[in-house]
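A.B. asks: show me how the following folds:
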Amino acid sequence: MGARRCSGCLSCLMIPLALWSIIVNILLYFPNGQTSYASSHKLTNYVWYFEGICFSGVMMLIVAAALLILERDTPYKCCQSENCSKKYMSLLSIIFSVLGIAFSGYCLVISALGLVQGPYCRTLNGWEYVFEDTTGSFLRDPSTWSQCLEPAHVVEWNIILFSILITLSGLQVIISLIKVIIELSKLLCTTYSVIIQPGII
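C.D. replies: The predicted structure follows:
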C-alpha cells in the first residue's frame, strides 16, 4: 500500500513538471518577450527540437496519465487471475516509465547541448553562434556575454531557461527511474506472487 501511494504521488508530480517544461520551452522562442526573432528564425537551433514542448511536455503528460490509470485501485482485468492482471499492469507501468526516461532524457540532452552551444545572436560580425567553440566556458565568464548585441540579454535568457529545462527533465528522469524500480520490485519480490505459480512446472 505504501509503495502504491508513493508511486501514485510520483505520477502526479510528473504533471506539473511537464506543464512547466512546456511553458519554459515556449519562453525560449520569445527573448525579452519579442516575437520577431522566432518569426525570422533568429534563435538557437536547439530550440526547434521541441524538447520541452513535445518530449518533456506533451509526451510526459501522456505517460503520467497512463501511469495514473494503471495505478487505480480497480485495475483492468486482462486475464482470469487477479495476480495475472496485476502482473500485466506492472509490466505496462514499467514500459511507460521507460518511455518517460527516454522522453525526458531526450529533453535533458538537447537542453544541455543548447546551454553549452550558447545563443544565436548578432555580434559585430553579424548573426552567429559566437560561443559555439568555447565548449561552455563562456558560462563562467559573464564578461564575454556582451559580445551578443541582439537580442538584448539573450545569453542570460538562454542560460536561465535551458538550466530550468535541464532541472525539470532531470527530475522527470529520476521519477521515471524510481517508478521502474518500484514496479520491478513488485514483480521480482514478494508483492505479487506471479513469477512462480504453484503447480506449474
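A.B. asks: not counting residues beside it along the chain, what's closest to Ala112?
C.D. replies: Nearest residue to Ala112, sequence neighbours excluded (CB to CB, 6 or more residues apart in numbering): Ile166, at 5.9 Å. Backbone N, C-alpha and C define where each C-beta goes, glycine included.
A.B. asks: in which helix or strand does the one you found reside?
C.D. replies: For Ile166, the enclosing helix or strand under DSSP states H and E is helix 154-188.
A.B. asks: report all helices and strands that that helix contacts.
C.D. replies: Under the contact definition 3 or more CB pairs under 8 Å, 6 or more residues apart in numbering; DSSP states H and E, helix 154-188 sits against helix 2-27, helix 60-70, helix 82-117.
A.B. asks: rerun at 7 Å
C.D. replies: Packing partners of helix 154-188 (3 or more CB pairs under 7 Å, 6 or more residues apart in numbering; DSSP states H and E): helix 2-27, helix 82-117.
A.B. asks: quick one: buried residues of the shortest one?
C.D. replies: Going back to what we said before, that points to helix 2-27. For helix 2-27, burial by neighbour count (16 or more other CB atoms under 10 Å) applies to 7, 10-11, 14, 17-18, 20-22, 24-25, 27.
A.B. asks: just read off the phi/psi values of the spatially closest residue to Gly8 that is not a sequence neighbour.
C.D. replies: Nearest residue to Gly8, sequence neighbours excluded (CB to CB, 6+ apart): Glu71, at 5.1 Å. Backbone torsions of Glu71, given as degrees, to the nearest 10, read phi -90, psi 10.
A.B. asks: again, but for Arg122
C.D. replies: According to degrees, to the nearest 10, Arg122 has phi -90, psi 130.
A.B. asks: now for it, how many residues are close by?
C.D. replies: 16 (other CB atoms under 10 Å).
A.B. asks: I'd say the residue nearest to Ala112 and Leu113 touch.
C.D. replies: No - counting by CB atoms under 7 Å, no contact exists between Ile166 and Leu113, whose distance comes to 10.4 Å.
A.B. asks: got any ranges where this structure has weak pLDDT?
C.D. replies: Counting by pLDDT under 70, the ranges of the chain that qualify are 1-5, 73-85, 190-201.
A.B. asks: mind listing what Pro142 touches?
C.D. replies: Listed by CB atoms under 7 Å, 6 or more residues apart in numbering, the contact set of Pro142 is empty.
A.B. asks: for the nearest residue in space to Met59 that is not next to it in sequence, what are its contacts?
C.D. replies: Spatially, and ignoring its direct neighbours in sequence, Met59 is nearest to Phe103 (4.4 Å; CB to CB, 6+ apart). Phe103 is in contact with 55-56, 59-60, 63, counting by CB under 7 Å, 6+ apart.
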